[in-house]
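Dropping the sequence and predicted coords here.
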Protein chains: 2
Amino acid sequence: MIKIFIIDDHQLIIEGIHTLLESEKNIEWLGSAKTPDDLSLFLKTKKPDVLLMDINLPQKSGLDLCKEIKLKYPAIHIIGLSTSNQPSIIRKMLDNGASGYLLKDATKNEIVEALHTVVTGKTYINFSVAQALKNNMPSEALPMLTRREKEVLELISDGLTNQDIADKLFLDVTTINSHRKNMLTKYHVNNTAALVKLAINNNLI
Amino acid sequence: MIKIFIIDDHQLIIEGIHTLLESEKNIEWLGSAKTPDDLSLFLKTKKPDVLLMDINLPQKSGLDLCKEIKLKYPAIHIIGLSTSNQPSIIRKMLDNGASGYLLKDATKNEIVEALHTVVTGKTYINFSVAQALKNNMPSEALPMLTRREKEVLELISDGLTNQDIADKLFLDVTTINSHRKNMLTKYHVNNTAALVKLAINNNLI
DNA sequence: TATTTTCTCCCCTTTTAGGGGGAATTTAAT
DNA sequence: ATTAAATTCCCCCTAAAAGGGGAGAAAATA
């Protein structure tokens, strides 16, 4: 009996997967959570074998959450769920301890297969994810924003100047300018307008 | 018996909703499509009462698809499905003939209720969608970009400077600057970063 | 522990954008 | 035909960003 739990902010996905797996033998539905807090609360009392985790949670990055959970409960196998197949994120997710990755275009059979695979300690990624990873080994992968860079970029995209941001974060204006310049360099764009567009279109902010 | 059909590129959503509604009386599952072409093919032979439509299809905008379907088959009631509640898109969807709108955080009960509502000719939007629409009435009053402004703004968001754009469009650099400043004024933002963000988030470019 | 990344702050100069006006000509709409 | 809107170009000036460096401290990672 594989005990599974799911965290996803979309009720429809939760109920969908629930009913989808209801008919499956050897799979026990422990429940679901819509927020990281609900998940933490649940894990205090019960431990699933597999945790299905949407990585696009509004409250917290799935990457961070995955790392946290694996740190506290290494025995839990985590499978990432996502609509978009961004190779850089998938890689980070696996680096952070995830045992598998499923796109939401996965079929019921793929999910069941994934569940059975990861409980044996193996890693499962479905075909389209594997494709995405192959087609994107080193090159096209966008670098990640650091925590501070993301914070700064969000304020930039809100229209704040370097000085405004410096005041807000209690930092020197030269520091903000450094972050801005670093971001321009690492994404190979030559001004903030292009940076904001790139960041939004790639869900970096 | 309400005959329903669904178009969504995510297999998981399709199967989820399918199993979710399987137990429901008075609802007949006609099938599903993952592309607009598949949908068109299906509609040649059978007509559902309600069409659940993911508006974030990779091949075609849900907005356009909705308009097309309603033009060809006015009797079909369309319910938009989406993860994000962007008021501007929801409004356009309803303008294009959709009878309802559901976020993917909807519960099973909300879906069933929506189905029963739209077949009577009424419009159904769930609570969180309604909230989003309410909190965003003034945003509908967002001024439109003129043809030239849109052209300029797209080049701005690609990282071009005023001079670059002037060269590209065979205009004086002061002209580009005028357009830029006009846009900043009409959208009440104080720099291009904020302008680009606003434009992308409201599908102006 | 050792090493790398991130974060912080500093110098400098040039380029670009932003803020304040104004005004003529084309294009669309009433 | 008369508005109204859009497009084009011009002046002034200041503030801000971009581009080129460098460097020490803190934090994360191996």
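Received it, and whenever you're ready, just let me know what you need.

Now residue A:182: closest residue in space that isn't a chain neighbour?
Of all residues not flanking residue A:182 in the chain, residue A:149 sits nearest, at 7.0 Å (C-beta to C-beta, 6 or more residues apart in numbering or on different chains). Backbone N, C-alpha and C define where each C-beta goes, glycine included.

so the one you found is in which element?
helix A:147-157 (DSSP states H and E).

what's the following helix or strand after that helix?
That would be, after helix A:147-157 and using DSSP H and E, helix A:162-169.

what separates that next one from the chain centre, distance-wise?
Relative to its chain's centre, helix A:162-169 lies at 29 Å (C-alpha atoms, centre = their mean, to the nearest Å).

Spell out which parts of chain A neighbour chain B.
A:9-13, A:15-17, A:19-20, A:22, A:34, A:83, A:102-108, A:111, A:156-159, A:161, A:189-197, A:200-201 (C-beta under 8 Å from any C-beta of the partner chain).

Among those residues, which ones lie close to DNA strand D?
Among the residues of chain A next to chain B, the residues within reach of DNA strand D (C-beta under 7 Å from any atom of the strand) are A:161, A:190-192.

which two from those end up farthest apart in space?
A:161 and A:190 (18.4 Å; C-beta to C-beta).

From the residues of chain A next to chain B, which land in helices?
A:11-13, A:15-17, A:19-20, A:22, A:108, A:111, A:156-157, A:192-197, A:200-201 (DSSP state H).

Could you turn the buried ones of these into a PyMOL selection?
PyMOL command restricting these to the buried ones, with burial defined by 16 or more other C-beta atoms under 10 Å in any protein chain shown:
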select buried, chain A and resi 11+12+13+15+16+17+19+20+108+111+156+157+192+193+194+195+196+197+200
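
Also near DNA strand C: which of the ones in helices among the residues of chain A next to chain B, exactly?
Counting by C-beta under 7 Å from any atom of the strand, the subset of these that neighbours DNA strand C is empty.

circling back to that earlier point, quick one: buried residues of the helix holding residue A:149?
Neighbour count says helix A:147-157 has A:149-157 buried, by 16+ other C-beta under 10 Å.

For DNA strand D, state which of those residues is nearest.
Closest to DNA strand D out of the buried residues of helix A:147-157 is residue A:156 (7.0 Å), distances taken as C-beta to the nearest atom of the strand.

quick one: the closest one and residue A:17, what's the gap?
Distance from residue A:156 to residue A:17, counting by C-beta to C-beta, to the nearest Å: 38 Å.

average pLDDT for stretch A:53-61?
Here stretch A:53-61 scores 79 as its mean pLDDT.

Can you get me the start-to-end distance on that stretch?
In stretch A:53-61, first residue to last residue: 11 Å (C-alpha to C-alpha, to the nearest Å).

Select the longest helix from chain A.
In chain A, taking DSSP H as the definition, the longest helix is helix A:173-186.

quick one: contacts of that one?
By C-beta atoms under 8 Å, 6 or more residues apart in numbering or on different chains, the residues outside helix A:173-186 that reach it are A:143, A:145, A:148-149, A:152-153, A:156, A:162-163, A:165-166, A:169, A:190-192, A:195.

Apply 7 Å and report the result again.
A:143, A:148-149, A:152-153, A:156, A:162-163, A:165-166, A:190, A:195 (C-beta atoms under 7 Å, 6 or more residues apart in numbering or on different chains).

tell me which residues of that helix are tucked away?
For helix A:173-186, by 16+ other C-beta under 10 Å, it's A:176, A:179-180, A:183-184.

same question, stretch A:109-116
Residues A:110-115 are the ones in stretch A:109-116 that count as buried (16+ other C-beta under 10 Å).

Show me what the helix holding residue A:149 is packed up against.
Packing partners of helix A:147-157 (3 or more C-beta pairs under 7 Å, 6 or more residues apart in numbering or on different chains; DSSP states H and E): helix A:162-169, helix A:173-186, helix A:192-201, helix B:192-201.

how far is stretch A:64-71 from where the chain is centred?
Worked out by C-alpha atoms, centre = their mean, stretch A:64-71 lies 11 Å from the chain centre.

Tell me how many other residues surround residue A:48.
Look at residue A:48: counted by other C-beta atoms under 10 Å in any protein chain shown, it has 22 neighbours.

which one is it nearest to, not counting chain neighbours?
residue A:5 (3.8 Å).

Can I take it that the one you found is in a strand?
Yes. Counting by DSSP: H, G, I helix; E, B strand; the rest coil, residue A:5 is found in a strand.

Report the helix or strand with the lowest average pLDDT across chain A.
For chain A, counting by mean pLDDT, DSSP states H and E, helix A:127-134 ranks last in confidence among helices and strands (a mean of 68).

My read is that residue A:70 contacts residue A:94, right?
No. At 11.2 Å, residue A:70 does not count as touching residue A:94 under the criterion of C-beta atoms under 7 Å.

Model confidence for the residue of chain A found nearest chain B, exactly?
Chain A approaches chain B most closely through residue A:16 (1.7 Å), counting by C-beta to the nearest C-beta. Here, the pLDDT recorded for residue A:16 equals 83.

now swap in residue A:136 and tell me
We have a pLDDT of 56 for residue A:136.

How about the one 10 residues further on?
Here the pLDDT value assigned to residue A:146 is 90.

distance of it from residue B:37?
43 Å.

Run through chain A and note the low-pLDDT ranges.
Within chain A, the segments meeting pLDDT under 70 span A:84-85, A:87-88, A:128-129, A:132-141.

what residues does it put near DNA strand C?
Looking at DNA strand C, the residues of chain A close enough under C-beta under 7 Å from any atom of the strand are A:144, A:146-149, A:169, A:171-172, A:174-175, A:177-179, A:191.
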